[in-house]
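Enquirer: predicted model, plus sequence, below.
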Amino acid sequence: MENPQEEHWVAVKRIFRYLQGTKTHGICFKPGNKIDFRGYSDADWAGDLADRKSTSGYTFMLMGAPVSWGSKKQSSVSLSTSEAEYIALSLAIQEGKWIHRLLCEILAATNEAGPELKIRDGRYGSWTRSLYEAEGGTSQTVGPERRHLRGRMKIRK
């Protein structure tokens, strides 16, 4: 800065006080031989009482520490909890794929294998089971999100 004022010095001192008081805070990565990368997704079905739209949310953990998280109000009204969960899972998979590619690219420089991407959803406990049950007819067809999931992941039985 060319012309620092008193308010700038006050702001700098405030930042240093904050850093001094929080130096023991942080995100801890658990040590391990294998890189553990997993995601979680959930949705609140018709959670907004004004328009009955659901909210999707996800978080991704790397070695036990959060590295990405987000939530988004769904653009349409879900007719069932399954539909809301599929939309949330689709959002999580999009984010998870991006992070997974980044991790694989970083690890390629160290000659390590990339981690397996695992995502658990709020309703069924895992994406493999939710896709399997949808194929078995216990869930209603929910449109493009389901096709997106089936196109991106293998169904394990």
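Expert: Received it, and whenever you're ready, just let me know what you need.
Enquirer: would you mark the buried spots in stretch 50-59?
Expert: Within stretch 50-59, the residues that qualify as buried are K53, S54, T55, S56, G57, Y58, T59, counting by 16 or more other C-beta atoms under 10 Å. Every residue, glycine included, has its C-beta placed from N, CA and C.
Enquirer: which of those fall in strands?
Expert: Where the buried residues of stretch 50-59 overlap with strands, as defined by DSSP state E, the overlap consists of T55, S56, G57, Y58, T59.
Enquirer: would you format the residues you listed as JSON lines with pLDDT and distance to G39 included?
Expert: JSON lines is the format used below for those (pLDDT from 0 to 100; distance: C-beta to C-beta, whole Å):
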{"residue": "T55", "pLDDT": "96", "distance to G39": "17"}
{"residue": "S56", "pLDDT": "96", "distance to G39": "12"}
{"residue": "G57", "pLDDT": "96", "distance to G39": "11"}
{"residue": "Y58", "pLDDT": "96", "distance to G39": "6"}
{"residue": "T59", "pLDDT": "96", "distance to G39": "7"}
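Enquirer: quick check, nearest of these to V67?
Expert: When these are compared for distance to V67 (C-beta to C-beta), T59 wins out at 8.8 Å.
Enquirer: flag the shaky bits of this structure, pLDDT-wise.
Expert: 1, 123-157 (pLDDT under 70).
Enquirer: all strands for it, in order.
Expert: Assigned strands in the chain, in chain order: 37-44, 55-62, 65-73, 117-121 (criterion: DSSP E).
Enquirer: closest one to G26 among the ones you listed?
Expert: Between G26 and these, the tightest spacing by C-beta to C-beta is seen for strand 65-73, at 9.1 Å.
Enquirer: the longest helix anywhere in the chain to strand 117-121, inter-axis angle?
Expert: As far as residue count goes, and with DSSP state H defining each element, the longest helix of the chain is helix 81-108. With axes from the mean of the first three to the mean of the last three C-alpha atoms, to 10 degrees applied, the angle from helix 81-108 to strand 117-121 works out at 160 degrees.
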